[in-house]
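Chemist: Build me a model:
(one chain, ligands or ions: 1)
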Amino acid sequence: MKTPNKIKSMKGKEKITMLTAYDCFTAKAMDDTGIDIILVGDSLGMVILGYENTLSVTVDDIIRHTGAVARGTENALIVADMPVNSYNDNEIAILNSEAFIKSGAHAVKIENKPEIAKFLVENKIEVMGHIGLTPQTATEFKVQGKDEETAKKLIELAKKCEEAGCFSLVLECVPVDLAKKITGSISIPTIGIGAGPFCDGQVLVSNDILGLYDKLSPKFVKRYADLGSDMKSAFKSYIKEVKEKKFPDDDHSFH
Ligand code: KIV
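Modeler: As a prediction, this is how the structure comes out:
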C-alpha cells in the first residue's frame, strides 16, 4: 500500500507515476499494473460528465467517484481533488476533506492556498499541492512562470506548500527549466503535467492517454491508445449485426 510517506521517500530515487481515474474498473486496471497514485481529478467534469470546464464539479461528484475508485484499488494512493469553492476557508475545507477521506481517499489535492493546506495538515489530512496553471482560477490556459517575476513567485509558492506540510506538489504547465529549479529547491516530490522530464513524477488525465477525450489536445498529452475508435467500431458492429439479424446467434441463445 502506497502511503504519502512512501511517495515522499521516492524523491530522487524512483519516478512517481500518477493518473486520473473516476470509476472502479479503470482504477483496478491501473492498480493491477502498478500505478503509484490515482487522482480522482475534477477533470471528471470535462472527460466524464461533459461540462465545458471543471467548475461545475461538486463535492458530491467527487465523493461518489472516489468511492468507486476506492472499490477497485488495493495498493495505489488515492487522492481526491477538492473541487472549486470546496476549500474557501478552513472550516469548509476540513468538512469536505473529511468527507473525501471517508469515501476512500487517502489524501486531498488543492490548488494554491498553502494556508488552507497548513490547516488541513495540522488536522491530520494529507495534502497534495497544485500550482502553476490551476484550472479552477485560471483566466487564460497558458504556460505559467515564463518571465523572471512570475517564475520567482512560483518558486516562493512551492516553498510555502512545502512549509505547509504538503507531501507532494503538482506543477502544471511550467517551463522545463523552472520545473527543474522548483524540483531542486524543495524536499517534497514534484509531479509534473506539462512541466517536462525533471519533475519527480508525472501525471496525465487517463481519458487523454487512452484516446477517450478529444475535445482538447494539449501539447503535453501523449496518446497511448485509441479506445475512442475501438469503441465506435464495436458499437458499429453490434448495430450492424442486430439490424442484419446476425445477433444473437445460437451461441448466444438459450434452448
Ligand atoms: O483534475 C485533474 O485531472 C488534475 C490533473 C490534471 C492534475 O488536476
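
Chemist: how about the residues of the chain that lie near the ligand?
Modeler: Thr20, Leu39, Gly41, Asp42, Ser43, Asp81, Val170, Ile193, Val203, Val205 (CB under 6 Å from any ligand atom). C-beta coordinates here come from the backbone N, C-alpha and C atoms, glycine included.

Chemist: Which residue or residues pair with Lys109 through a beta bridge?
Modeler: In this structure, Lys109 has beta-bridge partners Asp81, Met128, where bridges are defined by DSSP bridges.

Chemist: So which residues of the stretch 1-150 of the chain form strands?
Modeler: With strands called from DSSP state E, counting those that start in this stretch, the stretch 1-150 of the chain shows them at 16-20, 37-40, 77-81, 107-111, 127-132.

Chemist: Those into CSV, with extra columns for mean pLDDT, distance to Val57 and mean neighbour count?
Modeler: Listed next are the strands of the stretch 1-150 of the chain as CSV, based on pLDDT from 0 to 100; distance: least, CB to CB, whole Å; neighbours: other CB atoms under 10 Å:
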stretch, mean pLDDT, distance to Val57, mean neighbour count
strand 16-20, 98, 12, 24
strand 37-40, 99, 10, 30
strand 77-81, 98, 8, 28
strand 107-111, 98, 13, 25
strand 127-132, 98, 14, 28
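
Chemist: Apart from its chain neighbours, what residue comes closest to the closest residue to the ligand within the stretch 1-150 of the chain?
Modeler: When distances are taken as CB to the nearest ligand atom, the stretch 1-150 of the chain reaches nearest to the ligand at Gly41, 2.5 Å away. Using CB to CB, 6 or more residues apart in numbering and skipping residues adjacent in sequence, the residue nearest Gly41 is Thr20, 4.2 Å away.

Chemist: I'd say the one you found and Ile38 touch.
Modeler: Yes. Counting by CB atoms under 8 Å, Thr20 does reach Ile38; the two are 7.4 Å apart.

Chemist: Kindly state the pLDDT recorded for Val84?
Modeler: In this model, Val84 is scored at 98, pLDDT.

Chemist: thought it was touching Asn53?
Modeler: No. Between Val84 and Asn53 there is no contact, the gap being 9.5 Å when judged by CB under 8 Å.

Chemist: now the residues of the chain next to the ligand as a markdown table including distance to Val242?
Modeler: Compiled in a markdown table, the residues of the chain next to the ligand are given as follows (distance: CB to CB, whole Å):
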| residue | distance to Val242 |
| --- | --- |
| Thr20 | 34 |
| Leu39 | 38 |
| Gly41 | 36 |
| Asp42 | 38 |
| Ser43 | 34 |
| Asp81 | 40 |
| Val170 | 45 |
| Ile193 | 41 |
| Val203 | 40 |
| Val205 | 33 |
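
Chemist: domains in the chain, as residue ranges please.
Modeler: Residue ranges for the domains of the chain, per automatic domain parsing: 4-224, 227-255.

Chemist: separation between Leu178 and Lys146?
Modeler: Separation of Leu178 from Lys146 (CB to CB, to the nearest Å): 8 Å.

Chemist: Who has more neighbours out of those two?
Modeler: Neighbours per residue, other CB atoms under 10 Å: of Leu178 and Lys146, the larger number sits with Leu178, 24 against 11.

Chemist: Assumed the more buried one was part of a helix.
Modeler: Yes. With DSSP: H, G, I helix; E, B strand; the rest coil as the criterion, Leu178 is assigned to a helix.

Chemist: Quick one: residues contacting it.
Modeler: Applying CB atoms under 8 Å, 6 or more residues apart in numbering to Leu178 gives the contacts Gly145, Ala151, Leu154, Ile155.

Chemist: Which ones among those residues map onto strands?
Modeler: Within these, membership in strands is found for no residue, as judged by DSSP state E.

Chemist: who wins for neighbours among the residues you listed?
Modeler: Comparing the contacts of Leu178 by number of neighbours (other CB under 10 Å), Gly145 comes first, having 26 neighbours.

Chemist: Many thanks, we can stop here.
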